[in-house]
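*Asks:* the following block contains a protein sequence and its predicted model.
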Amino acid sequence: MAKVGRITGIQELNKKLRENATLDDVKKVVQMNGSELASEAERKAPVDTGTLERSINLSRKDNGFTAIVEPSTDYQGYVEYGTRYMAARPYMRPAFKKQVKQFKKDMERLVK
């Protein structure tokens, strides 16, 4: 499965967070943004049978510092990126691009 995106700048963020926020604050932001990303991906997922939309799950790892949003169908990549027989119908990338802006704002608010 292809990765949609990754946020960088961890060292600078860690320094500011230690100065201005608690780890629980960070976990809350990660969880909230993960939930919003999952909801947005569900809204944007093309619906034929609804299986793709229902398969989008949110899980956490790294003690709550990482939110993973991914569909669990075998064909999600074909829908997202298309095939030579089918045009792409992106739903994860647009949802991620929208959510990453909000995530950055929320993290900036924690470090101010």
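*Replies:* Ah, there it is.

*Asks:* surely residue 60 is in contact with residue 66?
*Replies:* Yes. If you go by Cβ atoms under 8 Å, residue 60 and residue 66 touch, sitting 6.5 Å apart. (Glycine included, C-beta is placed from N, CA and C.)

*Asks:* identify the contacts common to these two.
*Replies:* Residues touching both residue 60 and residue 66 (Cβ atoms under 8 Å, 6 or more residues apart in numbering) are residue 30.

*Asks:* export stretch 35-44 to CSV, keeping only CA atoms.
*Replies:* Only the C-alpha atoms of stretch 35-44 are listed here, as CSV (Å, rounded to 0.1, in the frame of the first residue of the first chain):
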residue,chain,number,x,y,z
SER,A,35,-10.7,11.2,13.6
GLU,A,36,-11.3,14.2,11.4
LEU,A,37,-9.1,12.7,8.6
ALA,A,38,-11.0,9.4,8.8
SER,A,39,-14.4,11.2,8.6
GLU,A,40,-13.2,13.3,5.7
ALA,A,41,-11.9,10.3,3.8
GLU,A,42,-15.2,8.5,4.4
ARG,A,43,-17.1,11.5,3.0
LYS,A,44,-14.8,11.7,-0.1
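
*Asks:* buried residues, that stretch. List them.
*Replies:* Residues of stretch 35-44 classed as buried: 36-38, 40-42, 44 (neighbour count, 16 or more other Cβ atoms under 10 Å).

*Asks:* all helices of this protein, in order?
*Replies:* 10-20, 23-44, 51-55, 76-81, 92-111 (DSSP state H).

*Asks:* turn the ones you listed into CSV, including distance to residue 70 and mean pLDDT.
*Replies:* Below are those laid out as CSV (distance: least, Cβ to Cβ, whole Å; pLDDT from 0 to 100):
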stretch, distance to residue 70, mean pLDDT
helix 10-20, 21, 69
helix 23-44, 9, 94
helix 51-55, 9, 95
helix 76-81, 8, 96
helix 92-111, 8, 92
